[in-house]
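> Compute the structure for the input listed below.
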Amino acid sequence: MKLSDAIVRFLEHARYERGLSEATISSYRADLGRLQSFAAEAGVTSLGDLDLEVLRAWQWQGSEAGLAASTLARRSAAARSFTAWAARTGLRETDPGVRLTSPKRGRHLPRVVPQQQMSELLERAAQRAETGDPTAVRDRALLELLYASGVRVSELVGLDVADLDFDRLTMVVTGKGAKQRTVPFGVPALGAVVDYVRTARPTLAARADGDAGDALFLGATGRRLSTRAVYEVVSRALSAFPGGGPHGPHTLRHTAATHLLDGGADLRAVQELLGHASLGTTQIYTHVSVERLKQSYAQAHPRA
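Residues are numbered from 1 along each chain as shown. Model (predicted):
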């Protein structure tokens, strides 16, 4: 079988049988496409000829090109998943990727915005919304909802109006692997979202060429807001404040989780809120939550 055909079948398996997210499938497609191109340059075009040496040479090329350890680790994971699937389905007799190792990944603490800065950020968004500009009203609502709930940007843009229960202050989001969970949000976010739905969303929806659909957050053309557009909104809002690290929507997710732990929230409750499959993923926020640790120490240690 041609390597290119095998990759297509693997991506179909990932989408229809494993139910992986479009983001994960897109990542697999990009990494395996690069592997296919590299293999073709080495004279390897069939799945049966793909061996460990080709895989290692591909990783070595990436390392020499200066790719980050995290990128090399992701590429290794994609290749291993692909070759393991090929062996499991009988398309290959052996799995050449089983011995492909990943470089050690340094664990960097996520950027967290201090509570005072978050208050200022949301206050500035509220002031801009007072002008009545529908885009400003929308931006305030999405910033409040991101910080209040800690949802992923893909989950935010996937929301429909009907997914929110304004009486119970909860919303149903669809996360990785098409898994749904119920996430609470607070009164300030409720006010911002209700204001947006009543005043700004109809204006944005009127700009659509046809039915705007049921999407909660709409773009300037009246269609469902893209993840890129949300990134730009958050990046612009965070750029006004000092601090290194990413300026995207995930920063608000990190911030929400850390502030919850600072306030005494249970780690497993935060895990459920964020939709993490493993508690270990959530535990990184315990390293960030310094203020919570200091308070516990001061209250409990006899020599504090």
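> How far off centre is stretch 159-174?
19 Å (Cα atoms, centre = their mean, to the nearest Å).
> And it, end to end?
Length of stretch 159-174, first residue to last, Cα to Cα, to the nearest Å: 8 Å.
> do stretch 192-199 as well
11 Å.
> buried stuff in that stretch?
192-193, 195-197 (16 or more other Cβ atoms under 10 Å). For glycine as for every other residue, the C-beta is placed from the backbone atoms N, C-alpha and C.
> What ranges in the stretch 51-200 of the chain fall below the confidence cut-off?
For the stretch 51-200 of the chain, the stretches flagged by pLDDT under 70 are 64, 102-110.
> for it, what spans make up the strands?
164-165, 170-174, 180-184 (DSSP state E, counting those that start in this stretch).
> Which residues are in contact with the residue lying closest to Val193 once chain neighbours are set aside?
Excluding the flanking residues, the one nearest Val193 by Cβ to Cβ, 6 or more residues apart in numbering is Ala141, at 4.7 Å. Residues counted as contacts of Ala141 (Cβ atoms under 8 Å, 6 or more residues apart in numbering) are 189, 192-193, 195-196, 200, 217.
> who's Leu218 bridged to?
Beta bridges link Leu218 to Arg224 when assigned by DSSP bridges.
> how close does it sit to Asp209?
Plainly put, Leu218 is 13 Å away from Asp209 if you go by Cβ to Cβ, to the nearest Å.
> Name the residue in the two with the higher neighbour count.
A side-by-side neighbour count of Leu218 and Asp209, using other Cβ atoms under 10 Å, places Leu218 first with 26 against 8.
> What's the per-residue pLDDT of that one here?
pLDDT for Leu218: 96.
> Also the one 3 residues further on?
Predicted confidence (pLDDT) for Thr221: 90.
> Let's verify it: helix, strand, or coil?
coil (DSSP: H, G, I helix; E, B strand; the rest coil).
> what about it, neighbour count?
There are 12 residues near Thr221, going by other Cβ under 10 Å.
> ok, now the one 3 residues further on?
Burial of Arg224, expressed as a neighbour count using other Cβ under 10 Å, amounts to 19.
> what does Asp5 give?
12.
> What residues does the closest residue in space to it that isn't next to it in sequence make contact with?
Leaving out its chain neighbours, the residue that sits closest to Asp5 by Cβ to Cβ, 6+ apart is Leu47, at 8.0 Å. Neighbour list for Leu47: 1-3, 5-6, 86, 91-92 [criterion: Cβ under 8 Å, 6+ apart].
> Which pLDDT value does the model give Leu47?
On the pLDDT scale, Leu47 gets 95.
> If you count neighbours, what's buried in stretch 27-45?
Result for stretch 27-45 [16+ other Cβ under 10 Å]: buried residues 27-29, 31-32, 35-36, 38-39, 44.
> Touching it from outside, list them.
2-4, 7, 10-11, 14, 20, 50, 54-55, 57-58, 61, 74-75, 78-79, 81-82.
> got the domain boundaries for this protein?
Following automatic domain parsing, one finds the domains of the chain at 3-99, 115-297.
> Isn't Arg223 up against Ala212?
Yes. Using Cβ atoms under 8 Å, Arg223 is in contact with Ala212, at 7.0 Å.
> just to revisit the earlier point, would you mind listing the two of the contacts of Ala141 that lie farthest apart?
Ala189 and Ala200 (15.1 Å; Cβ to Cβ).
> Now do the same contact list for Asp95.
83-84, 86-87.
> From those residues, which land in helices?
83-84, 86-87 (DSSP state H).
> For the residues you listed, which two are the farthest from each other?
So, the ones in helices among the contacts of Asp95 by Cβ to Cβ: farthest apart are Ala84 and Ala86, at 7.3 Å.
> Between these two, which has more neighbouring residues?
Using other Cβ under 10 Å as the criterion, Ala84 and Ala86 rank with Ala86 on top: 25 against 15.
> quick one: that one from Gly219, how far?
40 Å.
> so the closest residue to Val113 other than its chain neighbours, which of the three states?
Of all residues not flanking Val113 in the chain, Thr255 sits nearest, at 4.7 Å (Cβ to Cβ, 6+ apart). Assigned by three-state DSSP, the conformation of Thr255 is helix.
> tally of neighbours for Gln283?
Quick note: Gln283 (other Cβ under 10 Å) scores 13 neighbours.
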